[in-house]
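Colleague: generate a structure from the sequence data that follows.
(2 chains)
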Amino acid sequence: MRIVSERTALAATAVVLALVPLALGGSPHFLRIATLMLIGMAYAVAFNIIFGHTRQLFLCLGALAGASAYVSVVLTMKAGLSPWLTMPLGVALAAALGGAFSYVSVRRGLGVIFVGIVTLVFSMIFHNLVLGLREWTNGETGLETKGLGPAVLAGGLPAYYAILGVLAASALVYHALMRSRAGRAFQAIADDEFAAELAGINVTAYKVLAATVGSAILGVVGVVHAYYGGFISPTIYALGSIDIVALVTLLLGGMGTLLGPVLGGVLFTLLDELVRPLGRLNVMVYGILIIVLVITFRHGFVAMLRKRLKIHLP
Amino acid sequence: MFAILLDGIVQGLQLSLMAVGITLIFGLGGVLNLAHGQIAVVGGIVTALCIGEGLNPVLACAMGVLGSGVLGLLMDRTLLVPAYRLAGEERLLLGLLVTLGLSFVVNGFLDVRYPTVALTLRLPTPSFALGEVTVRTASAVVALIALAAFGLLFAFLKLTLLGKVVRSIMQNEVGAGLCGINPARIRTLIVVLSAMMAGLAGVVQGLFSSLGTELGNEFTSFALIVAVIGGVRSVNGTLVAGILLGIVNAFASFYVGAYLTLLILLVTAAGTILVRPQGLFAFRT
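Modeller: Sure, this is the predicted structure:
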C-alpha cells in the first residue's frame, strides 16, 4: 500500500484548487459557485475538528459564524471602525462562545445528543436575537455589506484566491493540530473517552481546545462569507444553510480525514448544482439524495478511494 | 390567572403528545427522529384532504392519524433498516441523517403537491363557562384527547405484558433479546404508535389555530427540546417537560409578548438541560 503524506496531499489539493478558475474560463457565475464551495469546505474543516475528532455535535455552526459576521459588520457599519479591527473581535466572540459551550458540556457530562440540543437551542436564540434587534441587524431583510469589507473580498479572482488562502490556513491549522500532542489526545478521546481520562489525558482541556479552535475557524469563515457575499441575513447563517451543509459535506467526504472536507465540498457543490434546475422539486430531490448517499456511502469518499485505489490517503 | 395556567397546560399537553414519540423511538430504537414534526404535519394534511373530499370530520381525523401511522411504518420498515443494523453512536448518527433526509422529502413533497392545503377544525360551540372562567371548547377537547392518549399509553406500558416487554427493551436491548424478545417487531409497533401520536398532535393543532405544510420543522425542534428536557428515555418526564414549557409559554406570552416569549422558552430549555442533564425524571419510564 502506497502512503500519501499529509503535506503532499495538502500541496496537491492547493495546486488543484488554485487552477480551478482557469478551467472555468472566466465565467463570473461559475467563479462565484467555486468561491462559495471553498467557504463550504472551510466550514466543514471546522466541523471536522469539533465533531469528527472529539465527537461534540455542535449544531450552532451557522450561529457561531453568524455571530462573528454580525459583530464585525454592525461595528464596521454603525461605529465606523475599520473591518480589520472588527473582524478579530467577531472571531474572538465565536471562539469564546464555542469554548464556553464545550466547557459547560464537558463539565456537566452531556452526551452527544444533549450537546446537540443545547447548541441547537443556542442557534434558535441567535436567530431570534438577530430578528429582534432590528435597529442594529435590520431583521429578516439583512444588511448590505458591499464596499464595507476589505477590498480583496469584493469579488472576482482576488476574492477566490483570498478565500482559498483562508481554506489553506484552516487546513494547515488542522494538520498542525493533528500532528501535535493534541492530535493523539483527540484520537484517544474519540476511541474511548473514559479510557483516555484514565490514561492521564486532560479530556476537558482537549475538548475545549478542539471546540475553541474549530469555532475560531468558523468565526473567520463566517466573517469572510459576510463580506464576500455582499449581504448578510439570518437565512444565510441558518441551521439549514450552514450546519446541515457542513454535516453532509463532511459525511460525503469522510469524517476525521484531512481531505474529507475538500472532496465532500466538491461532491456537495456538484449535487447542489444538479438539483438546482429542478426548481420547486429541489428540496425533495435533495432529501432523497441525502438518504441514498448516507445509506450507501456512509464511510465517505476518502474511505472509498483508500479501498479502491489501495493508497493511504490522509 | 387561572385561565392562563389552563391555557399553558393545554398547549403543554399538545407539545408532550408530539414529543413522546421522539422519546419512545429513541428509547427503543436508539434513533433520534428528525422527521417527527413532518409526520405530524402529514397527519393534519391527510385530515384536511379527507374533509375536502366531504368525509365526516371525526372520521377524517382518524384517517389523518392512520396516515401518520402508515408513514411511520414505512419509515421503520425501509429507511431505518440500515440504521438498525448498526449499534450505539453509529446508529444514532445514521438514523439522524436518514430522518433528516426524510424530513426534507416530506417538506418538499407537501410544498410542491399541496402548497395551499391547511387544516382548520371548527367546533360548534367556541367556548363554555366553567365556574367563573370561560374555557375555549377547543382547549377542553385538546386536553381530553391528550389526557386520554397519555392514559392509554401509560396503561399499555404499565399494565400489559407487551408494555413490560417494551420497557425491558428500553432498559437493555441485549438483555431483552436474551429473554427471547424480538426487538425488531416491538420496535415497529412502537414507531407506528409514536407516529400516530404525532399525527394526533398535528390534527389537534387544527383545533387551536391552523396547521399548514410549513410547520414541520418548528414542530420537530420543539418536540426535540421537550423530549430532551424530559430526559429522552422517560415518558413521564416528557409529559412533565411539555406541560412545564407550555405553562412558561402561556405566562410569558401574556406578560411580555411573543418575541421575548420564545427567548424565555429557549433559555428555560437550555437552563433545564444544564441543571439536570439526565432529564427531569432520569431512569424512570
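Colleague: pLDDT score for residue B:281?
Modeller: Per-residue pLDDT puts residue B:281 at 64.
Colleague: near chain A, which residues of the stretch 101-250 of chain B show up?
Modeller: Residues of the stretch 101-250 of chain B lying close to chain A (C-beta under 8 Å from any C-beta of the partner chain) are B:101-109, B:111-112, B:221, B:224-225, B:228, B:232. The C-beta positions use only the backbone N, C-alpha and C, and glycine is treated the same way.
Colleague: let's verify the nearest residue to residue A:219 once chain neighbours are set aside: helix, strand, or coil?
Modeller: Take residue A:219 and drop its neighbours on the chain: the residue closest to it by C-beta to C-beta, 6 or more residues apart in numbering or on different chains is residue A:94, 3.0 Å away. Here residue A:94 is recorded as helix under DSSP: H, G, I helix; E, B strand; the rest coil.
Colleague: give the contact list for residue A:94.
Modeller: A:64-65, A:67-68, A:215-216, A:218-219, A:222 (C-beta atoms under 8 Å, 6 or more residues apart in numbering or on different chains).
Colleague: quick one: the strands in the stretch 201-314 of chain A?
Modeller: Using DSSP state E, counting those that start in this stretch, the strands of the stretch 201-314 of chain A run over A:231-232, A:311-312.
Colleague: residues touching the first one, excluding its own?
Modeller: With contact meaning C-beta under 8 Å, 6+ apart, strand A:231-232 is reached by A:66, A:69-70, A:73, A:142-146, A:226.
Colleague: gap between it and the chain center?
Modeller: 18 Å (C-alpha atoms, centre = their mean, to the nearest Å).
Colleague: could you do the last one as well?
Modeller: The chain centroid and the centroid of strand A:311-312 are separated by 26 Å under C-alpha atoms, centre = their mean.
Colleague: can you show me the helices along the chain?
Modeller: Since you didn't name a chain, this refers to chain A. A:6-23, A:28-47, A:61-78, A:83-107, A:112-132, A:134-137, A:156-179, A:181-191, A:193-198, A:203-229, A:244-253, A:260-275, A:282-296, A:300-309 (DSSP state H).
Colleague: to clarify, I was referring to chain B.
Modeller: All helices of chain B, identified by DSSP H, fall at B:2-29, B:36-52, B:57-74, B:81-84, B:88-113, B:137-159, B:161-171, B:173-178, B:183-208, B:216-230, B:235-255, B:258-275.
Colleague: any chance of TSV for the ones you listed, columns distance to residue A:294 and mean neighbour count?
Modeller: Output for the helices of chain B, formatted as TSV (distance: least, C-beta to C-beta, whole Å; neighbours: other C-beta atoms under 10 Å in any protein chain shown):
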stretch	distance to residue A:294	mean neighbour count
helix B:2-29	17	24
helix B:36-52	17	26
helix B:57-74	18	20
helix B:81-84	9	17
helix B:88-113	4	20
helix B:137-159	31	16
helix B:161-171	25	16
helix B:173-178	23	13
helix B:183-208	19	24
helix B:216-230	18	25
helix B:235-255	27	22
helix B:258-275	27	17
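Colleague: what would those helices look like in JSON lines with mean pLDDT?
Modeller: Formatted as JSON lines, these follow (pLDDT from 0 to 100):
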{"stretch": "helix B:2-29", "mean pLDDT": "90"}
{"stretch": "helix B:36-52", "mean pLDDT": "94"}
{"stretch": "helix B:57-74", "mean pLDDT": "95"}
{"stretch": "helix B:81-84", "mean pLDDT": "90"}
{"stretch": "helix B:88-113", "mean pLDDT": "89"}
{"stretch": "helix B:137-159", "mean pLDDT": "91"}
{"stretch": "helix B:161-171", "mean pLDDT": "89"}
{"stretch": "helix B:173-178", "mean pLDDT": "86"}
{"stretch": "helix B:183-208", "mean pLDDT": "92"}
{"stretch": "helix B:216-230", "mean pLDDT": "88"}
{"stretch": "helix B:235-255", "mean pLDDT": "89"}
{"stretch": "helix B:258-275", "mean pLDDT": "84"}
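Colleague: tell me the two of the contacts of residue A:94 that are most distant?
Modeller: Based on C-beta to C-beta, the longest span within the contacts of residue A:94 runs between A:67 and A:216 and measures 12.2 Å.
Colleague: okay, these two: which has more neighbours?
Modeller: Ranked by neighbour count (other C-beta atoms under 10 Å in any protein chain shown), residue A:67 and residue A:216 place residue A:67 first, with 27 against 23.
Colleague: so the more buried one sits right up against residue A:127, yeah?
Modeller: No - between residue A:67 and residue A:127 there is no contact under C-beta atoms under 8 Å: 10.9 Å.
Colleague: what's near enough to touch the closest residue to residue B:112 other than its chain neighbours?
Modeller: Distance criterion C-beta to C-beta, 6+ apart; nearest residue to residue B:112, sequence neighbours excluded, is residue A:280 at 5.1 Å. Contact partners of residue A:280, counting by C-beta under 8 Å, 6+ apart, are B:108, B:111-112.
Colleague: quick check, pLDDT for residue A:280.
Modeller: Looking at residue A:280, its pLDDT reads 78.
Colleague: quick one: it from residue A:15, how far?
Modeller: Taking C-beta to C-beta, to the nearest Å as the measure, residue A:280 falls 40 Å from residue A:15.
Colleague: as a markdown table, the helices of chain B with distance to residue A:195 would be great.
Modeller: Supplementary listing: the helices of chain B in a markdown table, determined by distance: least, C-beta to C-beta, whole Å:
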| stretch | distance to residue A:195 |
| --- | --- |
| helix B:2-29 | 26 |
| helix B:36-52 | 35 |
| helix B:57-74 | 38 |
| helix B:81-84 | 26 |
| helix B:88-113 | 15 |
| helix B:137-159 | 36 |
| helix B:161-171 | 25 |
| helix B:173-178 | 21 |
| helix B:183-208 | 29 |
| helix B:216-230 | 27 |
| helix B:235-255 | 31 |
| helix B:258-275 | 26 |
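Colleague: count the neighbours of the nearest residue to residue A:185 once chain neighbours are set aside for me.
Modeller: The shortest distance from residue A:185 to any non-neighbouring residue, by C-beta to C-beta, 6+ apart, is to residue A:206 (4.4 Å). Residue A:206 has 23 neighbouring residues, counting by other C-beta under 10 Å.
Colleague: about what we covered before: worst mean pLDDT among the strands of the stretch 201-314 of chain A?
Modeller: Across the strands of the stretch 201-314 of chain A, strand A:311-312 gives the lowest mean pLDDT, at a mean of 80.
Colleague: what helices or strands is that one leaning on?
Modeller: For strand A:311-312, the packing partners by 3 or more C-beta pairs under 8 Å, 6 or more residues apart in numbering or on different chains; DSSP states H and E come out as strand A:2-3.
Colleague: from the contact counts, what lies against the strand it packs on?
Modeller: Under the contact criterion of 3+ C-beta pairs under 8 Å, 6+ apart, strand A:2-3 touches strand A:311-312.
Colleague: the residue nearest to residue A:185 reaches residue A:56, doesn't it?
Modeller: No - applying C-beta under 8 Å, one finds residue A:206 not in contact with residue A:56, separated by 10.9 Å.
Colleague: which parts of the stretch 201-314 of chain A sit against chain B?
Modeller: A:244, A:247-248, A:251, A:280-291, A:294-295, A:298.
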